[in-house]
Structures are given as C-alpha cells and as structure tokens.
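Enquirer: turn this into a model:
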Amino acid sequence: MGAVKVFNSFSKNFGFQFMGNFLYEAPVTGARNDNHPVMCHVQAIGAWAGSTFSIVPTDGAKAENLLESRFKKAPYILASEVGKGRVVAIGDSSPFDDGVGSGAKKMLHDSYDSFLFSHPQFAFNTLKWITKQPTGKVIPSRQVPLAKDAKIDEKSVNLLIDASHGNAASDKMETFERHMVKVGVKVFYNVNIINQEMLKKFKVLILPDPSLPLLDAEK
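Expert: Model (predicted):
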C-alpha cells in the first residue's frame, strides 16, 4: 500500500496524508461523524485493501475525520475544505468499483453494488457535497430477497446464502443466483444470526466461508 503515498506530494495541501498501511475491514466500524452531510443515510462502508490517513495541520485547510478504522484508530474517510474548494478522501477504491475495471483476472473487489454496504449513497453524497448541493436524498443499495421473505411451504425450492458467514465475495453471487433462478430455485440471503426456526424454510444452506466459527446461539 506504500504506492498511495505518492499522493502525499499534494494531499498535504488539503490537510491530510496517506499512511500507506494495509486495511481490511468490512464494514469499517470505528468512530464516525454522522453530522457531516457526506455521511447522511450512510449505514456501512467497507475496506478490502485500503489505507488510512493522518490529519496534518495546514494553514487554510480544514480536514475532519468522517469514518475511522476501529483497528488502525485512524481516519479511513475524511473531508476537507480549502478556500472555496472541497475534497473527500477514502482509503480504498473498492467502494466505487462496479467490476468494469476488473478484467478477466478479477483482481479487484467490486463492491459498489453490494447489498451489504451503502456505497451508492456515499458516492452520491460525495459528489453532491463537493459541488455544494444538498445530500438528503436516499440512494438505496442493491435490493435482494432476505431470509425473512421466504415461505415455509416453498421449502423444497428455497436456497439460503448466509452472507453473515461469508468471505469478501459472499455478497457478489449474482451470477450463481441467476443460474439457480433459471432452474426454478428461489435464492435468499441472510445477514443475521442463523437460528433453527429460520432454517425450517430452506432445503439448502450455503456458507460461503465455512471456516468462520459459529456463535454459540447458532450451534
């Protein structure tokens, strides 16, 4: 992640610099500033190969932390105002990546349309704030059928993908989902604790990352 330090040649003018460390935290759940317009209606933001920032006192620049990493104890998202200009900085490109840039090797984590995060909302707010427009509009993330929507009398065709016990791609199973729907399977997602009552509705349960430990309440 040291490569991002090249931006420090000018980012200090806005009152911050890249630390060049490695951050994998999804969602990022450290201290946050919900009073800032950029964070309006933002529920969750992820980081998969990111960097945090340090705020550098700079004459004429007002930089403030919007979302901090709970692991690094440093800003992952910040906003700055310099003169009449505004800047929003985020330590990872993944929240804005829709998969177009991944290519055949699929080297990027395209999470813009993940239903687990508020990346479309964050992108909207960022563009509105830096252009000095209001940010109150709600921009929904991708909508998916959740476990609670399944019907027990359709158990024979119900499949549950447990995104709460998943890896970085457990919310990106749209291709698999489309194939299942074509053969008559109804696909649902879970983002909460698994319980026996929930499982009564499903014929198949998929744990994208079986190595993750179950909570006592799920055993």
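Enquirer: from now on I want contacts and neighbour counts done on CA atoms only, so please keep to that.
Expert: Noted.
Enquirer: what helices and strands are in contact with the lowest-mean-pLDDT helix or strand in the chain?
Expert: Between all helices and strands in the chain, the lowest mean by mean pLDDT, DSSP states H and E belongs to helix 174-182, at a mean of 87. Counting contacts by 3 or more CA pairs under 8 Å, 6 or more residues apart in numbering; DSSP states H and E, helix 174-182 is packed against strand 186-190.
Enquirer: do a quick rundown of the strands in the chain.
Expert: Secondary structure of the chain (DSSP state E): strands at 16-18, 23-25, 47-50, 53-55, 61-68, 75-82, 85-90, 158-162, 186-190, 204-206.
Enquirer: ok, back up a step: tilt between the least confident helix or strand of the chain and strand 186-190?
Expert: Interaxial angle, helix 174-182 versus strand 186-190 (axes from the mean of the first three to the mean of the last three CA atoms, to 10 degrees): 140 degrees.
Enquirer: what comes up buried for the longest helix seen in the chain?
Expert: Ordering each helix of the chain by length in residues (DSSP state H) puts helix 119-130 first. Buried residues in helix 119-130, defined by neighbour count with 16 or more other CA atoms under 10 Å: His119, Pro120, Gln121, Phe122, Ala123, Phe124, Asn125, Thr126, Lys128, Trp129, Ile130.
Enquirer: ends of stretch 140-147, how far apart?
Expert: Terminal residues of stretch 140-147 are spaced 19 Å apart (CA to CA, to the nearest Å).
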